[in-house]
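> Provided below are the primary sequence and the corresponding predicted coordinates.
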Amino acid sequence: MKNAVLSLRVPADLKADLEFLSRATKRSKAYLATEALEQYVRRNAWKAKELQQAKVEAEQGVFISHDRMRAWAQSLGSESELPAPVPDILPD
């Protein structure tokens, strides 16, 4: 995998903590910063992707009706749990 350079400004206390952690763990600041950034992006990028997909679907007029969504939600955890609903409101 190719590496790229990224420059950014951080608060001075965060930089000091990173330097301390780097010395304490014998890891480079770049390694620690990359690990932290990678974890953050992995943990949060899915939200942006899901929101983008929802926006596309909404603009197309594709929705799940309130009644179907409520029925599904109320069935969760029961013996007669319903499968996740599929869109039932479609564009004309």
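Right, received. Where do you want to start?

> what helices or strands is the lowest-mean-pLDDT helix or strand in the chain leaning on?
When the helices and strands of the chain are scored by mean pLDDT, DSSP states H and E, helix 29-60 comes last with a mean of 94. Here helix 29-60 touches helix 12-25, going by 3 or more Cβ pairs under 8 Å, 6 or more residues apart in numbering; DSSP states H and E. Any C-beta I mention is one placed from the backbone N, CA and C, and that applies to glycine too.

> Identify all contacting residues around the helix it packs on.
With contact meaning Cβ atoms under 8 Å, 6 or more residues apart in numbering, helix 12-25 is reached by 10, 27-29, 32-33.

> Apply 7 Å and report the result again.
With contact meaning Cβ atoms under 7 Å, 6 or more residues apart in numbering, helix 12-25 is reached by 28-29, 32-33.

> Buried residues in that helix, which are they?
18, 22 (16 or more other Cβ atoms under 10 Å).

> Between helix 29-60 and it, find me the angle.
120 degrees (axes from the mean of the first three to the mean of the last three Cα atoms, to 10 degrees).

> Top of the contacts of helix 12-25 by number of neighbours, please.
Using other Cβ atoms under 10 Å as the neighbour criterion, residue 33 leads the contacts of helix 12-25 with 19 neighbours.

> quick one, what contacts that residue?
residue 18.

> Pretty sure residue 82 sits against residue 74.
No - using Cβ atoms under 7 Å as the test, residue 82 is too far from residue 74 to be in contact (8.7 Å).
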